[in-house]
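Student: For reference, the sequence and a predicted model appear below.
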Amino acid sequence: MDYAGIDEVINADGLRLILVQGLPSPWGQAAKAMIEHKGLSYIAGPQQPGGANPELVAWSGVNSGPVVAWNDEPPLNRWDDILLLLERLAPATPLVPQDAGERIHMFGLAHEMCGELGFGWNCRLNMTRPKPGEPPAGFAKKYGYNESDGALAIPRVTTFLRHLAITLNAQSQQGSNYLVGASVSAADFYWAAFSNLVALQPPEECPIHPAVRPMFEQVPPEVTAAIDPILIEHRDRIMRAHFKIPMEF
């Protein structure tokens, strides 16, 4: 990824995107792919995972990615705020359905992937789970790990995977290759990116550092068992059509 300096990004006009450097963070990769799908020009800056990132924190109020900003408007870091900004900037290439029922369905699926205690959140809790008897530290502390949510993380992940497979199979029976309606939506982008938390793409498609790759590949067997082939078929189809391969981070 060709990153500009953080100060350059902060002081620039137009659309700016902060990504987690070196990791396929699904929130950021989905935002990046949607920006590019919509044909929007942008400059990108890095967030250093595990670093203090003082300039980013002072500007955006968060030490994480993605952060998206447009001109002098306040920087955004929540997935839905970012999506609505992109819809406003490029309405001719919509990723939010116009039909009310489809829109409600799309935002429901997107929240279950991107939102608090959703699929990505629970995968992250499981990945940062502290050893028995140890208090949360590092990323576990940053992401608010607690025993109650930690105990439910894997069941919540498997429940979501099964629901998503049911959704895709029902869509396929209606002749659609997408999660909602008959055309690509933000939900398709989110699943393509978030799928790497349970079924990491091969190195030639997702060139994560070999030292970090095992962290993503240590998927509990009950999660792997819940991955219907249609989920990966959908991921690969959306990736080929709408993401840059190999992924950039």
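Tutor: Nice, I can see it.
Student: Please enumerate the helices of this structure.
Tutor: 6-11, 26-37, 54-60, 79-89, 100-114, 119-127, 139-142, 147-173, 186-194, 213-217, 221-225, 229-242 (DSSP state H).
Student: care to break the chain down by domain?
Tutor: Per automatic domain parsing, the domain ranges recorded for the chain read 6-89, 100-242.
Student: sorry, back to before: would you mind putting the helices of the chain into TSV with distance to E204 and mean pLDDT alongside?
Tutor: Placement of C-beta: from N, CA and C, glycine included. Formatted as TSV, the helices of the chain follow (distance: least, CB to CB, whole Å; pLDDT from 0 to 100):
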stretch	distance to E204	mean pLDDT
helix 6-11	29	97
helix 26-37	16	98
helix 54-60	31	98
helix 79-89	28	98
helix 100-114	25	98
helix 119-127	23	95
helix 139-142	27	82
helix 147-173	25	96
helix 186-194	17	98
helix 213-217	13	93
helix 221-225	21	98
helix 229-242	12	98
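Student: Among the ones you listed, which comes closest to V68?
Tutor: V68 sits nearest to helix 79-89 of all these, at 4.7 Å, using CB to CB.
Student: For the closest one, output the C-alpha coordinates as CSV.
Tutor: This file holds the C-alpha atoms of helix 79-89, laid out as CSV (Å, rounded to 0.1, in the frame of the first residue of the first chain):
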residue,chain,number,x,y,z
TRP,A,79,-18.7,1.6,9.9
ASP,A,80,-22.2,3.0,9.3
ASP,A,81,-21.1,6.7,9.3
ILE,A,82,-18.4,5.8,6.8
LEU,A,83,-20.9,4.0,4.5
LEU,A,84,-23.4,6.9,4.6
LEU,A,85,-20.6,9.4,3.7
LEU,A,86,-19.6,7.3,0.7
GLU,A,87,-23.2,7.1,-0.4
ARG,A,88,-23.5,10.8,-0.2
LEU,A,89,-20.3,11.4,-2.2
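Student: picking that back up, right, and the domains of the chain - which one's nearest E248?
Tutor: domain 6-89 (7.4 Å).
Student: and the end-to-end length of the closest one?
Tutor: In terms of CA to CA, to the nearest Å, the two terminal residues of domain 6-89 are separated by 23 Å.
Student: Give me the phi and psi for the closest residue to E204 other than its chain neighbours.
Tutor: The shortest distance from E204 to any non-neighbouring residue, by CB to CB, 6 or more residues apart in numbering, is to P246 (6.4 Å). Main-chain torsions, P246, degrees, to the nearest 10: phi -70, psi 150.
Student: pretty sure P246 contacts P207?
Tutor: Yes: the pair P246 and P207 passes the contact test of CB atoms under 8 Å, sitting 5.1 Å apart.
Student: hmm, back to that, quick one, which of the domains of the chain is packed in tightest?
Tutor: Mean neighbour count (mean count of other CB atoms under 10 Å) peaks for domain 6-89 among those, with a mean of 18.
Student: Show me how far that one is from its chain's centre.
Tutor: Mean-position distance between domain 6-89 and its chain equals 13 Å (CA atoms, centre = their mean, to the nearest Å).
Student: Output the helices of the chain in JSON lines; the columns should cover distance to A69.
Tutor: Formatted as JSON lines, the helices of the chain follow (distance: least, CB to CB, whole Å):
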{"stretch": "helix 6-11", "distance to A69": "8"}
{"stretch": "helix 26-37", "distance to A69": "12"}
{"stretch": "helix 54-60", "distance to A69": "8"}
{"stretch": "helix 79-89", "distance to A69": "9"}
{"stretch": "helix 100-114", "distance to A69": "19"}
{"stretch": "helix 119-127", "distance to A69": "22"}
{"stretch": "helix 139-142", "distance to A69": "22"}
{"stretch": "helix 147-173", "distance to A69": "30"}
{"stretch": "helix 186-194", "distance to A69": "19"}
{"stretch": "helix 213-217", "distance to A69": "28"}
{"stretch": "helix 221-225", "distance to A69": "35"}
{"stretch": "helix 229-242", "distance to A69": "23"}
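Student: If anything else comes up later, I'll come back, but that's it for now.
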